[in-house]
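Participant: Sequence plus predicted model, see below.
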Amino acid sequence: MKKKETDNLMDKIVSLTKRRGFVFPSSEIYDGFTAVYDFGPYGVELANNIKREWWKAMTQYRDDIVGLDSAIFMSPKIWEASGHVKGFSDPLTECKKCHARLRLDALLEEAGIFADEKMTEEEINKIFNENAGKIKCPACGATDFTPGKKFNLLVQANLGNFTSDWTKEPTYLRGETCQGIYVNFKNVLDSARVKIPFGIAQIGKAFRNEITARQFIFRTREFEQMEMQYFVKPGDDSKYYEEWKAARWKFYLDLGLSAVNLKWHQHENLVFYAKEAYDIEYKFPFGFKELEGIHARGDYDLTQHSKFSGKDLSYLDPTTNEKYMPHVVETSAGVGRTFLAVLTEAYCEEELAGETRIVLKLAPKIAPIKIAIFPLLKNKPELVAKAREVYDALKLVWRCEFDDNGNIGKRYRRQDEIGTPYCLTIDFDTLENSEVTVRDRDTMKQEKIKIIDLEKFFREKI
């Protein structure tokens, strides 16, 4: 059996995630809410497993990184210092025929023309005008657009503002999680036993008023980031940058992604303060796109917050008494993008006895359900009772599911579609010899295992 080549893989993944309770459109009973999604019962398990693996790789397995959970709302001055209030924007254009508002650099990219959101309005409009006839509105096909203008992506809120005018003292939902790390640098330094080089890791929600949110959960307006800021001595940036590039590449291989579906993309148009920027790209159904960014940010962030806050965020080396502003190496990944990547990697269609078997070949450590327990027949109380007994024991160690609905074949298919690596069946022989049948998701091979040996067996497998 081999994986089927599919031309509409994205449609199939979207269908599967809805049908099997991984991802739901937000506010669906009210006709949805653009570019916002909810994780369903299996989706939240998969997302939590991805976050758990990231957290272990960043904090549990290392002695030089500590965790943080900063607030979503922060002082508006933070976003002024970081440059988001003035510079956090994408180029916006509007179709003159259907009035669809579109991201200009994305339109150019879809037409095979290089553009970058960091370009000035003049630069990107010049490219736009030179290629005007090649650009078509994806909504109506027209080719007549307004000139591109920069549109700020920060989402405003009225927290603490008791007037009707939001332009007075605006607050924002955070556009990225890393600023919460920078403004807590001194707090962590003073309260935890850390010294440079060290990192601060955080997982949390961020919000961006995306002009053209698209490609399912790849680009959304509410999303979750997994970011780590690693503080180093000036001059050591390159050394640690290369180390982090290697570590983050290995993380995705360990998560089950294939090396052939990953590649590096070097940023050519760097922001003024950056020393280096690479993306790990994954081959999504719509092509290679950014999965994670690894950036050498210099001392820009701590310098800016020192300047705007009036607080000294420099570091005093306890050994040499040298004082300096630390430089930062950043790793920044999205939960949603990683979620979509592992689903893309895992999705398989296989021919089986003239029928198509859909299976998610997820790495067992991130599979939503590790073991499914079946009584052979639901109308035999003795089988159900024994199955419940086994289920109650195993669920204390792994995320398990009890399923007695339908014939065994249908139950296998349901578990295949949610990526459960092992199914365990209790039959009449179990009552006689305490052996159960364990079926492997990928090979579909079955073997008999003594109930007393199940925990040892699954510890070796999962």
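Facilitator: Thanks, I have the structure now.

Participant: any idea which helix or strand carries the closest residue to residue 377 other than its chain neighbours?
Facilitator: The shortest distance from residue 377 to any non-neighbouring residue, by Cβ to Cβ, 6 or more residues apart in numbering, is to residue 383 (5.8 Å). For glycine as for every other residue, the C-beta is placed from the backbone atoms N, C-alpha and C. Assessed by DSSP states H and E, residue 383 sits inside helix 381-394.

Participant: tally of neighbours for the residue nearest to residue 377?
Facilitator: Residues lying near residue 383 (other Cβ atoms under 10 Å) number 21.

Participant: follow-up on the earlier one: which strands border whatever helix or strand comes next after the helix holding residue 383, and is each parallel or antiparallel?
Facilitator: For helix 381-394, the following helix or strand on the C-terminal side (DSSP H and E) is strand 400-402. Here strand 400-402 is paired, per DSSP bridges, with strand 371-375 (parallel).

Participant: between the partner strand and helix 381-394, how many degrees?
Facilitator: 160 degrees (axes from the mean of the first three to the mean of the last three Cα atoms, to 10 degrees).

Participant: thinking in terms of the whole chain, how far from its middle is strand 371-375?
Facilitator: Distance of strand 371-375 from the chain centroid (Cα atoms, centre = their mean, to the nearest Å) equals 30 Å.

Participant: in the stretch 151-300 of the chain, which spans are strands?
Facilitator: Per DSSP state E, counting those that start in this stretch, the stretch 151-300 of the chain carries strands over the ranges 155-157, 171-173, 198-207, 222-232, 262-266, 276-284, 287-298.

Participant: For residue 57, give me its contacts.
Facilitator: For residue 57, the contacting residues are 247, 251, 254, by Cβ atoms under 8 Å, 6 or more residues apart in numbering.

Participant: would TSV of those residues with neighbour count and pLDDT be doable?
Facilitator: Formatted as TSV, the contacts of residue 57 follow (neighbours: other Cβ atoms under 10 Å; pLDDT from 0 to 100):
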residue	neighbour count	pLDDT
247	14	98
251	19	98
254	12	97
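
Participant: Point out the ones among the residues you listed that are inside helices.
Facilitator: 247, 251, 254 (DSSP state H).

Participant: what's the closest of those residues to residue 282?
Facilitator: residue 251 (12.4 Å; Cβ to Cβ).

Participant: Pick out the residue closest to the middle of this protein.
Facilitator: In the chain, the residue lying closest to the centroid (Cα atoms, centre = their mean) is residue 335, at 1.8 Å.

Participant: In this structure it contacts residue 47, no?
Facilitator: Yes: look at residue 335 against residue 47 with Cβ atoms under 8 Å: they come within range, at 5.6 Å.

Participant: buried ones in the lowest-mean-pLDDT helix or strand in the chain?
Facilitator: Of all the helices and strands that make up the chain, helix 104-110 has the lowest average by mean pLDDT, DSSP states H and E, namely a mean of 85. By neighbour count on 16 or more other Cβ atoms under 10 Å, the buried set for helix 104-110 is 104, 105, 106, 107, 108.

Participant: which residues does the closest residue to the last one other than its chain neighbours contact?
Facilitator: Once flanking residues are discounted, residue 108 sits nearest to residue 115: 4.1 Å by Cβ to Cβ, 6+ apart. Residue 115 makes contact with 91, 104, 105, 108, 109, 124, 127, according to Cβ under 8 Å, 6+ apart.

Participant: Name the nearest of these relative to residue 387.
Facilitator: residue 109 (53.2 Å).

Participant: re the thing from before, now the ones in helices among the contacts of residue 57 as JSON lines including distance to residue 447?
Facilitator: Shown next, in JSON lines, are the ones in helices among the contacts of residue 57 (distance: Cβ to Cβ, whole Å):
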{"residue": "247", "distance to residue 447": "37"}
{"residue": "251", "distance to residue 447": "32"}
{"residue": "254", "distance to residue 447": "27"}
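
Participant: quick one: the residue nearest to residue 108 from residue 436, how far?
Facilitator: According to Cβ to Cβ, to the nearest Å, residue 115 and residue 436 sit 59 Å apart.

Participant: same question, residue 233
Facilitator: 57 Å.

Participant: same question, residue 269
Facilitator: 59 Å.

Participant: likewise residue 107?
Facilitator: Distance from residue 107 to residue 436, by Cβ to Cβ: 57 Å.

Participant: ok, the residue nearest to residue 377 - contacts?
Facilitator: Contact analysis of residue 383 by Cβ under 8 Å, 6+ apart lists 375, 376, 377, 426, 427, 428, 430, 431.

Participant: Once you drop chain neighbours, what's closest to the fifth one?
Facilitator: Looking back up the chat, that one is residue 427. residue 376 (4.3 Å).

Participant: right, and that neighbour touches residue 426 too?
Facilitator: Yes: assessed by Cβ under 8 Å, residue 376 is found in contact with residue 426 at 6.4 Å.

Participant: quick one, which of the two is more surrounded?
Facilitator: residue 426 (28 against 18).

Participant: count of neighbours near the closest residue to that one other than its chain neighbours?
Facilitator: Distances taken as Cβ to Cβ, 6+ apart place residue 387 nearest to residue 426, at 4.2 Å, with adjacent residues excluded. For residue 387, the tally of surrounding residues (other Cβ under 10 Å) stands at 25.

Participant: Identify the bridge partners of residue 37.
Facilitator: Counting by DSSP bridges, residue 37 is bridged to residue 25.

Participant: and it, what is it in contact with?
Facilitator: 23, 24, 25, 26, 216, 217, 220, 336.

Participant: can we see that at 6 Å?
Facilitator: Listed by Cβ atoms under 6 Å, 6 or more residues apart in numbering, the contact set of residue 37 reads 23, 26, 217.

Participant: rewinding a little: in terms of neighbours, single out the busier of residue 233 and residue 436.
Facilitator: residue 436 (23 against 17).

Participant: Confirm that the more buried one sits in a helix.
Facilitator: No: going by DSSP: H, G, I helix; E, B strand; the rest coil, the assignment for residue 436 is strand, not a helix.

Participant: Show me what it is bridged to.
Facilitator: Applying DSSP bridges, one finds that residue 436 bridges with residue 449.

Participant: Point out where the chain drops to low pLDDT.
Facilitator: Applying pLDDT under 70 to the chain flags the ranges 1-7, 117.
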